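Novice: The amino acid sequence is not available; the structure is as follows:
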(Lines give C-alpha, C1' and ligand atoms only; values in the text may rest on other atoms or scores of the structure.)
Protein backbone atom coordinates (compact mmCIF):
# COMPACT_ATOMS: atom_id res chain seq x y z
CA UNK A 1 0.00 0.00 0.00
CA UNK A 2 1.19 3.50 -0.84
CA UNK A 3 2.07 5.85 1.99
CA UNK A 4 0.30 9.17 1.30
CA UNK A 5 2.55 11.02 3.74
CA UNK A 6 5.64 10.14 1.78
CA UNK A 7 6.97 13.36 0.24
CA UNK A 8 9.94 11.78 -1.44
CA UNK A 9 9.63 11.55 -5.18
CA UNK A 10 12.08 9.31 -6.93
CA UNK A 11 13.15 9.99 -10.45
CA UNK A 12 15.10 7.38 -12.34
CA UNK A 13 17.96 8.98 -14.21
CA UNK A 14 19.93 6.65 -16.43
CA UNK A 15 23.67 6.75 -15.87
CA UNK A 16 25.66 8.46 -18.56
CA UNK A 17 28.40 6.18 -19.76
CA UNK A 18 31.42 8.19 -20.78
CA UNK A 19 33.70 6.28 -23.07
CA UNK A 20 37.42 6.61 -22.58
CA UNK A 21 39.64 7.31 -25.59
CA UNK A 22 40.75 3.67 -25.35
CA UNK A 23 37.12 2.51 -25.65
CA UNK A 24 36.46 4.85 -28.57
CA UNK A 25 39.49 3.56 -30.47
CA UNK A 26 38.45 -0.04 -29.78
CA UNK A 27 34.94 0.67 -31.07
CA UNK A 28 36.37 2.34 -34.16
CA UNK A 29 38.62 -0.65 -34.86
CA UNK A 30 35.83 -3.19 -34.36
CA UNK A 31 33.44 -1.24 -36.61
CA UNK A 32 36.00 -1.21 -39.43
CA UNK A 33 36.71 -4.92 -39.00
CA UNK A 34 32.98 -5.72 -39.08
CA UNK A 35 32.55 -3.62 -42.23
CA UNK A 36 35.44 -5.49 -43.89
CA UNK A 37 33.92 -8.86 -42.90
CA UNK A 38 30.61 -7.85 -44.51
CA UNK A 39 32.38 -6.88 -47.74
CA UNK A 40 33.91 -10.36 -48.08
CA UNK A 41 30.43 -11.56 -49.08
CA UNK A 42 30.59 -9.47 -52.25
CA UNK A 43 33.22 -10.64 -54.77
CA UNK A 44 33.41 -7.31 -56.65
CA UNK A 45 34.39 -5.23 -53.63
CA UNK A 46 38.14 -5.91 -53.60
CA UNK A 47 39.06 -2.25 -53.94
CA UNK A 48 36.86 -1.27 -51.00
CA UNK A 49 38.33 -4.14 -48.94
CA UNK A 50 41.84 -2.87 -49.70
CA UNK A 51 40.83 0.64 -48.59
CA UNK A 52 39.36 -0.76 -45.38
CA UNK A 53 42.54 -2.77 -44.76
CA UNK A 54 44.51 0.48 -44.86
CA UNK A 55 42.01 2.17 -42.52
CA UNK A 56 42.15 -0.83 -40.16
CA UNK A 57 45.95 -0.64 -40.09
CA UNK A 58 45.77 3.05 -39.09
CA UNK A 59 43.02 2.32 -36.54
CA UNK A 60 45.20 -0.41 -34.98
CA UNK A 61 48.06 2.09 -34.64
CA UNK A 62 45.74 4.60 -32.93
CA UNK A 63 44.41 1.82 -30.69
CA UNK A 64 47.93 0.77 -29.67
CA UNK A 65 48.80 4.39 -28.95
CA UNK A 66 45.77 4.73 -26.66
CA UNK A 67 46.62 1.40 -25.07
CA UNK A 68 50.07 2.73 -24.12
CA UNK A 69 48.58 6.01 -22.90
CA UNK A 70 45.98 4.25 -20.75
CA UNK A 71 48.72 2.73 -18.60
CA UNK A 72 50.71 5.97 -18.26
CA UNK A 73 49.74 7.69 -15.00
CA UNK A 74 50.97 11.12 -16.08
CA UNK A 75 48.97 10.97 -19.30
CA UNK A 76 45.83 9.86 -17.45
CA UNK A 77 46.26 12.67 -14.90
CA UNK A 78 46.53 15.26 -17.70
CA UNK A 79 43.50 13.81 -19.46
CA UNK A 80 41.49 13.98 -16.23
CA UNK A 81 42.46 17.63 -15.83
CA UNK A 82 41.36 18.37 -19.40
CA UNK A 83 38.10 16.52 -18.79
CA UNK A 84 37.42 18.52 -15.63
CA UNK A 85 38.22 21.78 -17.43
CA UNK A 86 35.83 20.93 -20.24
CA UNK A 87 32.89 19.99 -18.00
CA UNK A 88 32.51 20.80 -14.31
CA UNK A 89 35.48 23.09 -13.83
CA UNK A 90 35.02 25.18 -16.95
CA UNK A 91 33.20 28.11 -15.35
CA UNK A 92 35.43 28.07 -12.28
CA UNK A 93 38.64 27.97 -14.30
CA UNK A 94 37.52 30.68 -16.72
CA UNK A 95 36.41 32.92 -13.85
CA UNK A 96 39.77 32.53 -12.13
CA UNK A 97 41.59 33.61 -15.29
CA UNK A 98 39.67 36.90 -15.60
CA UNK A 99 41.58 39.83 -14.15
CA UNK A 100 39.31 42.85 -14.60
CA UNK A 101 35.69 41.84 -15.07
CA UNK A 102 33.66 39.25 -13.20
CA UNK A 103 31.43 38.10 -16.08
CA UNK A 104 32.38 36.50 -19.39
CA UNK A 105 32.13 38.45 -22.60
CA UNK A 106 28.81 38.55 -24.41
CA UNK A 107 28.19 35.63 -26.77
CA UNK A 108 28.14 36.82 -30.38
CA UNK A 109 27.70 33.52 -32.19
CA UNK A 110 24.10 34.35 -33.11
CA UNK A 111 25.12 37.48 -35.03
CA UNK A 112 25.78 37.59 -38.75
CA UNK A 113 29.14 38.96 -39.96
CA UNK A 114 27.45 42.23 -40.96
CA UNK A 115 25.94 42.58 -37.51
CA UNK A 116 29.32 41.89 -35.91
CA UNK A 117 30.91 44.63 -38.02
CA UNK A 118 28.12 47.04 -37.09
CA UNK A 119 28.63 46.18 -33.43
CA UNK A 120 32.36 46.92 -33.75
CA UNK A 121 31.61 50.29 -35.35
CA UNK A 122 29.22 51.18 -32.53
CA UNK A 123 31.77 50.15 -29.89
CA UNK A 124 34.44 52.28 -31.56
CA UNK A 125 32.02 55.24 -31.81
CA UNK A 126 31.16 54.88 -28.11
CA UNK A 127 34.85 54.71 -27.15
CA UNK A 128 35.54 57.85 -29.18
CA UNK A 129 32.56 59.56 -27.55
CA UNK A 130 33.87 58.71 -24.08
CA UNK A 131 37.35 59.94 -25.01
CA UNK A 132 35.99 63.27 -26.33
CA UNK A 133 33.90 63.78 -23.19
CA UNK A 134 36.90 63.04 -20.94
CA UNK A 135 38.98 65.58 -22.87
CA UNK A 136 36.25 68.18 -22.26
CA UNK A 137 36.50 67.43 -18.53
CA UNK A 138 33.02 65.94 -18.10
CA UNK A 139 32.56 63.82 -14.96
CA UNK A 140 32.47 60.03 -15.21
CA UNK A 141 28.84 59.82 -14.02
CA UNK A 142 27.73 62.34 -16.66
CA UNK A 143 29.65 60.47 -19.35
CA UNK A 144 27.96 57.19 -18.45
CA UNK A 145 24.52 58.84 -18.40
CA UNK A 146 25.09 60.47 -21.78
CA UNK A 147 26.43 57.21 -23.18
CA UNK A 148 23.33 55.34 -22.01
CA UNK A 149 21.07 57.92 -23.65
CA UNK A 150 23.13 57.72 -26.84
CA UNK A 151 22.87 53.91 -26.94
CA UNK A 152 19.12 53.99 -26.29
CA UNK A 153 18.60 56.48 -29.13
CA UNK A 154 20.68 54.33 -31.46
CA UNK A 155 18.68 51.20 -30.50
CA UNK A 156 15.39 53.07 -31.04
CA UNK A 157 16.55 54.21 -34.47
CA UNK A 158 17.62 50.67 -35.42
CA UNK A 159 14.32 49.16 -34.28
CA UNK A 160 12.38 51.78 -36.28
CA UNK A 161 14.38 50.94 -39.42
CA UNK A 162 13.82 47.22 -38.81
CA UNK A 163 10.08 47.80 -38.40
CA UNK A 164 9.89 49.70 -41.70
CA UNK A 165 11.83 46.94 -43.47
CA UNK A 166 9.51 44.32 -41.95
CA UNK A 167 6.44 46.21 -43.14
CA UNK A 168 7.92 46.51 -46.63
CA UNK A 169 8.72 42.83 -46.73
CA UNK A 170 5.11 41.92 -45.89
CA UNK A 171 3.83 44.07 -48.77
CA UNK A 172 2.85 41.73 -51.65
CA UNK A 173 4.27 44.15 -54.23
CA UNK A 174 7.66 44.38 -52.48
CA UNK A 175 10.54 43.73 -54.83
CA UNK A 176 8.48 43.63 -58.00
CA UNK A 177 10.13 46.62 -59.63
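Specialist: Thanks, I have it. These numbers come from a predicted model, not from an experiment. Residues are numbered from 1 along each chain as shown.

Novice: quick one: buried residues of the helix or strand bottoming out on mean pLDDT in the chain?
Specialist: Confidence across the helices and strands of the chain bottoms out at helix 90-97, with a mean of 85, counting by mean pLDDT, DSSP states H and E. With burial defined by 16 or more other Cβ atoms under 10 Å, not one residue of helix 90-97 is counted as buried. Where you see a C-beta, it was placed from the backbone N, CA and C, and this is true even at glycine.

Novice: Toward the C-terminus, what is the element adjacent to it?
Specialist: Of the helices and strands lying after helix 90-97 in sequence (DSSP states H and E), the nearest is helix 113-136.

Novice: Could you tell me which residues make contact with the residue most central in space within the chain?
Specialist: Taking Cα atoms, centre = their mean as the criterion, residue 109 is the residue nearest the geometric centre of the chain, at 8.7 Å. By Cβ atoms under 8 Å, 6 or more residues apart in numbering, residue 109 lies in contact with nothing.

Novice: Residue 75: how many residues sit nearby?
Specialist: Other residues within reach of residue 75, judged by other Cβ atoms under 10 Å, total 14.

Novice: Can you tell me the closest non-neighbouring residue to residue 142?
Specialist: Taking Cβ to Cβ, 6 or more residues apart in numbering as the measure, residue 142 lies nearest to residue 133, with 7.6 Å between them; neighbours along the chain are not counted.

Novice: The one you found contacts residue 143, doesn't it?
Specialist: Yes. Using Cβ atoms under 8 Å, residue 133 is in contact with residue 143, at 4.6 Å.

Novice: contact partners of the least confident helix or strand of the chain?
Specialist: By Cβ under 8 Å, 6+ apart, the surrounding residues in contact with helix 90-97 are 85, 102, 104.

Novice: Please repeat the previous calculation with a cut-off of 10 Å.
Specialist: Residues outside helix 90-97 that contact it (Cβ atoms under 10 Å, 6 or more residues apart in numbering) are 81, 84-86, 89, 102-104.
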